[in-house]
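**Q** Got a sequence here, can you build the structure:
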Amino acid sequence: MKAKDDSYMKIEFYIMSLWLLFLLIFFLTVDIPISFEKNSTFIGFIPLLKRNIVSSIALILLAYGLILAHKYKYKWKGAVQPSVKILNIKNENYEYLTFLTTYIIPLVCIDLSSPRYIIVLTLLLIIIGYIFIKMDFYLGNPTLALMGYRLYKITVNSEGLSDEILVITKDKIKKGDNIEWIPIDKNTWYVRKWTE
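**A** Numbering: from 1, shown residues only. Now for the predicted structure:
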């Protein structure tokens with residue numbers, strides 16, 4: 001059950017990471033006819049929806065991604081594990097920019113007026129998502145960066161935790177700081193700077 005929960009969480013993080021792409025797709029594809037003629041009338045909701053299927057899907061996924069971001073913000077306010085001391089630390093914030101420039105921006109250039117290209121975009125998002133989840137890149141997420149989260153790789157002074165741990169935090173942390181932590185998965189934590 002735990003592995004299934006971890007996979008579901010990683011899928012949610014992947015959807016969150018695409019919010020900027022969904023926003024750009026919405027603006028690129030939305031088609032609302034506007035007329036200031038005296039005899040103009042509203043075309044109706046059904047014809048409007050038919051003109052905006054792709055933009056409607058993008059808007060729904062965008063909203064879902066933002067809801068997920070707030071869900072995890074609330075979830076990470078929960079109970080924490082006993083504090084540990086940071087022995088070594090590496091900044092991993094470049095992961096946010098790498099994901100944005102490598103995956104998101106190039107996908108915006110796909111011609112979304114053709115059904116064939118929409119299918120190609122969907123397949124690309126599925127393949128990238130599979131890689132994203134399989135390789136545990138789910139925290140290299142521009143949505144989290146815009147919400148003020150930072151990524152670090154740390155080692156701590158606790159038995160059984162000698163490997164590097166990827167941590168996400170809203171605090172600026174450094175070597176020697178004590179942190180409280182909430183496990184996300186085996187090698188990934190949400191952390192807060194510990195204050196007495």
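**Q** then stretch 14-28 to PDB, C-alphas only?
**A** The C-alpha coordinates for stretch 14-28 follow below in PDB (Å, rounded to 0.1, in the frame of the first residue of the first chain):
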ATOM      1  CA  TYR A  14       4.200  15.800 -11.700                       C
ATOM      2  CA  ILE A  15       0.800  17.400 -12.400                       C
ATOM      3  CA  MET A  16       1.800  20.300 -10.100                       C
ATOM      4  CA  SER A  17       5.000  20.700 -12.000                       C
ATOM      5  CA  LEU A  18       3.100  21.300 -15.300                       C
ATOM      6  CA  TRP A  19       0.900  24.200 -14.100                       C
ATOM      7  CA  LEU A  20       2.900  26.700 -16.100                       C
ATOM      8  CA  LEU A  21       2.600  24.600 -19.300                       C
ATOM      9  CA  PHE A  22      -1.200  24.300 -18.700                       C
ATOM     10  CA  LEU A  23      -1.500  28.100 -18.200                       C
ATOM     11  CA  LEU A  24       0.500  28.800 -21.400                       C
ATOM     12  CA  ILE A  25      -1.700  26.200 -23.300                       C
ATOM     13  CA  PHE A  26      -4.800  27.900 -22.000                       C
ATOM     14  CA  PHE A  27      -3.700  31.300 -23.300                       C
ATOM     15  CA  LEU A  28      -2.500  29.900 -26.600                       C
END
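**Q** which parts of the helix ranked longest in the chain are buried?
**A** Longest helix of the chain, by residue count under DSSP state H: helix 53-75. Judged by neighbour count using 16 or more other Cβ atoms under 10 Å, the buried positions of helix 53-75 are 54-59, 61-62, 65-66, 68-69, 72. Backbone N, C-alpha and C define where each C-beta goes, glycine included.
**Q** Show me which helix or strand of this structure is least confident by mean pLDDT.
**A** Across the helices and strands of the chain, mean pLDDT, DSSP states H and E gives its lowest value to helix 94-99, namely a mean of 67.
**Q** can you pull out the strands in this protein?
**A** Counting by DSSP state E, the segments of the chain that form strands are 81-91, 150-156, 165-169, 178-185, 188-193.
**Q** helices or strands up against the fourth one?
**A** Taking 3 or more Cβ pairs under 8 Å, 6 or more residues apart in numbering; DSSP states H and E as contact, the helices and strands that strand 178-185 lies on are helix 2-17, strand 81-91, strand 165-169, strand 188-193.
**Q** The longest one relative to helix 53-75, how many degrees between them?
**A** In terms of direction (axes from the mean of the first three to the mean of the last three Cα atoms, to 10 degrees), helix 2-17 departs from helix 53-75 by 120 degrees.
**Q** averaged over its residues, what pLDDT does helix 2-17 have?
**A** In this model, helix 2-17 has a mean pLDDT of 75.
**Q** what helices or strands is that helix leaning on?
**A** Packed against helix 2-17, as judged by 3+ Cβ pairs under 8 Å, 6+ apart, are the following elements: helix 53-75, helix 115-134, helix 142-146, strand 178-185.
**Q** what's next to it, contact-wise?
**A** 61, 64-65, 68-69, 71-72, 99, 129, 132-133, 136, 138-144, 184-185 (Cβ atoms under 8 Å, 6 or more residues apart in numbering).
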